[in-house]
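Asks: With the input below, show me the fold.
(4 chains)
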4 protein chains.
Amino acid sequence: VNAARAAPAHELPVRVYFEDTDAGGIVYHANYLRFAERARTEFMRSVGYDHRRLADEHGLLFAVARADMAFVTPARLDDLLLVRTRVVRMGGVRLELDQQVWREEARVAQIGITLALVDTESLRPKRMPEALRQHFATALGEPAAPP
Amino acid sequence: VNAARAAPAHELPVRVYFEDTDAGGIVYHANYLRFAERARTEFMRSVGYDHRRLADEHGLLFAVARADMAFVTPARLDDLLLVRTRVVRMGGVRLELDQQVWREEARVAQIGITLALVDTESLRPKRMPEALRQHFATALGEPAAPP
Amino acid sequence: VNAARAAPAHELPVRVYFEDTDAGGIVYHANYLRFAERARTEFMRSVGYDHRRLADEHGLLFAVARADMAFVTPARLDDLLLVRTRVVRMGGVRLELDQQVWREEARVAQIGITLALVDTESLRPKRMPEALRQHFATALGEPAAPP
Amino acid sequence: VNAARAAPAHELPVRVYFEDTDAGGIVYHANYLRFAERARTEFMRSVGYDHRRLADEHGLLFAVARADMAFVTPARLDDLLLVRTRVVRMGGVRLELDQQVWREEARVAQIGITLALVDTESLRPKRMPEALRQHFATALGEPAAPP
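Replies: Presented below is the predicted three-dimensional model:
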C-alpha cells in the first residue's frame, strides 16, 4: 500500500486562458506554478485557513522552498485542467506536496512542492503550533506512515 | 432609460491569489486586464463560442484594440471579486464592452474594452459573418439602441 | 509648439520573451502595462529615486489611478521594443505620463498613465513635499506650460 | 576539476520590478522561471540564435522538460539580480543547464533546467542537426567531460 497515494486528494479545475499561453501555442511552463499555488490555497481554504487567517492568528506564511517540475504533455488555450494535490509529508516547519496537473486522462505536469513555514515579518523559519499541525495533518490528509 | 445598463450582464467570480498581488500588498494593476479577459472568454463560452471554435469555424480572433482603466479601490490577497461584463456596442468588426470589477459593494476597477475582429492568420481586420453577429448580438445582450 | 512633445523623454529598450507572448503569437495586451511600469521605474531611478527610497524617506508610493491604452501594431517574440516616457503634467498628488511603445518606426502601443501619490501604509492620497515635487518637475522634464 | 564549473557561464542582470513581487513583499517564486528563460534566450542569442532563427532555419524549438528549483534567499523590489547560466550536458535532443540567481554574494535561487528539442509544429522530439549541435557545444561551453 502506497500511503501517499492513499491520502485524500484535493482537486481544483483550472481553465486555460490567453494569459496562460505563449507564442508556442501552449501553456507557458512557469504558469503551472501559478496553477499549483491556486490549488494549494484552495486546499488550505477548504480546511479553514486562508493566507490572512494564518498570518493574523499565527504570524505564519507558507513559503515555497523547493519546486520540482516535469512537463509531460502540453496544454493549450481553452483546455480545462484539473490540479490534484496530496500531502506527502507534514512536519512542524515543512510541508511536502505532490501536485499533478491533468487534462482528462492525460498527465500534463507533475510538480513536487516543499513549503517552509516562515514568520510573516522576518521570513525566517518558524514552527507551527502543535494544535495547528494536528488540524492540518488530519484535515489535509497526511499519510499514516510517511513514505 | 440607459440602454447599456439595461443589457444583461455576465458575472464571473475571481479569487485573488499571491500571483495577482505585488509588494504594495494589493492586486497589481495589469492583472485586472487578465481578470477582464477571463470574464470575456467565459461570456463568449456561455453563448457557445470558445476561442478555438471561433478560430476553426470562422478564422476569427477578438484582439484588444483599446483598454481604458480606472482603478478605484485596491483589492487584496484572498479577496473574492466579481467581474461584471456588458456589451455597450456591437458592430461587424468592433465590440465595445463595459467591465467592472467589484468586491461586494465596493467598485474596484472600471474597464472599457474595445475588441477588434481580426483574421487569425494575418491579424488584419475581418468582418463577422452577419449570422454570427446576430447570434452574438442577441445572446450577449446588445443594447436595443446603440448609446 | 507642443509643450508635451518638447519635454525630454526617457527611453527604455525592452526585449520580447516567451513570457510576454500568448497563443495568438503576439505580445499579450496586459504585458504592455508591465513594460510601461518598468520604464517609469527606470525614469524615476534615473533621477535618484527607486521605490524603496521614496517609501523610506517620504512614505510615498506612486499608485496607478488610470491607464488608457491603444494597441496599434502587434509585437512578437524576439522583437526589441522601445518604451518612450514623457511627463505630461505634474501636480502635488497626481502625475500624468505619456508612454509610447515603438518597434523601430512602427508605433506598437500608446499608453496614457495617471499616477496618484499615496501613503505607503494607508494607500490614501498624500501630497508630495514641494522640494521633491520641484526636483521631479525639473529632472523628469515637466512641460513649461501644462497642455 | 569540476568540468561543469569550468565551463564558461553566461550572465544576465535582471532588475526586480513591482510585476515580479507578491504581497509577501518578495519575488513571486514562479517568476524566477521567467528570469531563467530570459537568460537562456540571451545566452542563445549571444551565439547567433534567437527563437525565430531556430524555428525558421531548423523548425526547432527548445521546450522545457524539467525544472528543479530551490529558493534560497528572498529577493525584493528594486533588487538587481544576476542570472548565471552554464551548460551541464548537451545531447542531440536534450540540453541540461545550471542556472543560478544571485544578488551580490547571496544566492537567491538555484535552478536546474532540462530542455527538449521539439519540432515547432508537432511539438514532438526532434534531433538537432550535428553541425548545429557542434556550434552550440563549442559556443555555449559544453563541459569537456559530461559530469
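Asks: ok, which stretches of chain A are helices?
Replies: Using DSSP state H, the helices of chain A run over A:3-6, A:31-46, A:51-58, A:130-140.
Asks: quick one, which of those helices is packed in tightest?
Replies: Among the helices of chain A, helix A:31-46 has the highest mean neighbour count (mean count of other CB atoms under 10 Å in any protein chain shown), at a mean of 22. No exception for glycine: its C-beta is placed from N, CA and C like everyone else's.
Asks: got the angle for it vs helix A:51-58?
Replies: 60 degrees (axes from the mean of the first three to the mean of the last three CA atoms, to 10 degrees).
Asks: for the record, mean pLDDT for helix A:31-46?
Replies: Across helix A:31-46, the average pLDDT comes to 97.
Asks: Would it count as contacting chain C?
Replies: No. Using CB under 8 Å from any CB of the partner chain, we find that helix A:31-46 stays clear of chain C, coming within 9.2 Å at best.
Asks: Does anything pack onto that helix? Which helices or strands?
Replies: strand A:10-15, helix A:51-58, strand A:60-71, strand A:80-90, strand A:94-103, strand A:106-119, strand B:10-15 (3 or more CB pairs under 8 Å, 6 or more residues apart in numbering or on different chains; DSSP states H and E).
Asks: Can you report how many residues lie near the closest residue to A:Ile113 other than its chain neighbours?
Replies: Spatial nearest neighbour of A:Ile113, chain neighbours left out: A:Leu97 (4.6 Å); criterion: CB to CB, 6 or more residues apart in numbering or on different chains. Per other CB atoms under 10 Å in any protein chain shown, the neighbour tally for A:Leu97 reads 21.
Asks: Tell me which of the helices and strands packed on helix A:31-46 lies nearest to B:Ala70.
Replies: strand B:10-15 (17.8 Å; CB to CB).
Asks: ok now that closest one, how far from the chain's centre?
Replies: Distance of strand B:10-15 from the chain centroid (CA atoms, centre = their mean, to the nearest Å) equals 11 Å.
Asks: and if you look at stretch A:66-74?
Replies: Per CA atoms, centre = their mean, the centroid offset for stretch A:66-74 relative to its chain is 13 Å.
Asks: now do stretch A:38-56
Replies: Worked out by CA atoms, centre = their mean, stretch A:38-56 lies 11 Å from the chain centre.
Asks: And that stretch, end to end?
Replies: From its first residue to its last, stretch A:38-56 covers 20 Å (CA to CA, to the nearest Å).
Asks: what's next to that stretch, contact-wise?
Replies: A:10, A:12, A:14, A:60-62, A:83, A:85, A:97, A:99, A:113, A:115, A:120, A:135-136, A:139-140, B:15, B:17-19, B:77-78 (CB atoms under 8 Å, 6 or more residues apart in numbering or on different chains).
Asks: Which residues of chain A lie near chain C?
Replies: Checking chain A against chain C by CB under 8 Å from any CB, the hits are A:18-19, A:21-26, A:28, A:30, A:76-77.
Asks: Next, format those residues as TSV and append distance to D:Arg34.
Replies: Output for the residues of chain A next to chain C, formatted as TSV (distance: CB to CB, whole Å):
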residue	distance to D:Arg34
A:Phe18	17
A:Glu19	14
A:Thr21	15
A:Asp22	11
A:Ala23	14
A:Gly24	15
A:Gly25	18
A:Ile26	16
A:Tyr28	9
A:Ala30	6
A:Arg76	20
A:Leu77	20
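Asks: What residues does the residue nearest to A:Pro125 when sequence neighbours are not counted make contact with?
Replies: Closest residue to A:Pro125 apart from its sequence neighbours, by CB to CB, 6+ apart: A:Val93 at 5.3 Å. Shown in contact with A:Val93 (CB under 8 Å, 6+ apart): A:116-117, A:125-128.
Asks: from those residues, which single one is nearest D:Asp68?
Replies: Nearest to D:Asp68 out of the contacts of A:Val93 is A:Ala116 (CB to CB; 16.5 Å).
Asks: That closest one pairs with what?
Replies: A:Ala63, A:Arg94 (DSSP bridges).
Asks: and A:Ala4, what pLDDT?
Replies: 45.
Asks: returning to that earlier point: take the helices of chain A and write them to a markdown table, including distance to A:Phe71.
Replies: Below are those laid out as a markdown table (distance: least, CB to CB, whole Å):
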| stretch | distance to A:Phe71 |
| --- | --- |
| helix A:3-6 | 21 |
| helix A:31-46 | 7 |
| helix A:51-58 | 27 |
| helix A:130-140 | 26 |
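Asks: about what we covered before: present the helices and strands packed on helix A:31-46 as CSV; the columns should include mean pLDDT and distance to B:Ala39.
Replies: Below are the helices and strands packed on helix A:31-46 laid out as CSV (pLDDT from 0 to 100; distance: least, CB to CB, whole Å):
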stretch, mean pLDDT, distance to B:Ala39
strand A:10-15, 97, 12
helix A:51-58, 94, 24
strand A:60-71, 96, 28
strand A:80-90, 95, 17
strand A:94-103, 97, 23
strand A:106-119, 97, 24
strand B:10-15, 97, 4
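Asks: Spell out which parts of chain A neighbour chain D.
Replies: A:24, A:26, A:29-31, A:33-34, A:37, A:61, A:63-71, A:74, A:120, A:123.
Asks: Any of these buried? List them.
Replies: For the residues of chain A next to chain D, a neighbour count by 16 or more other CB atoms under 10 Å in any protein chain shown gives the buried set as A:24, A:26, A:29-31, A:33-34, A:37, A:61, A:63-67, A:69-71, A:74, A:120, A:123.
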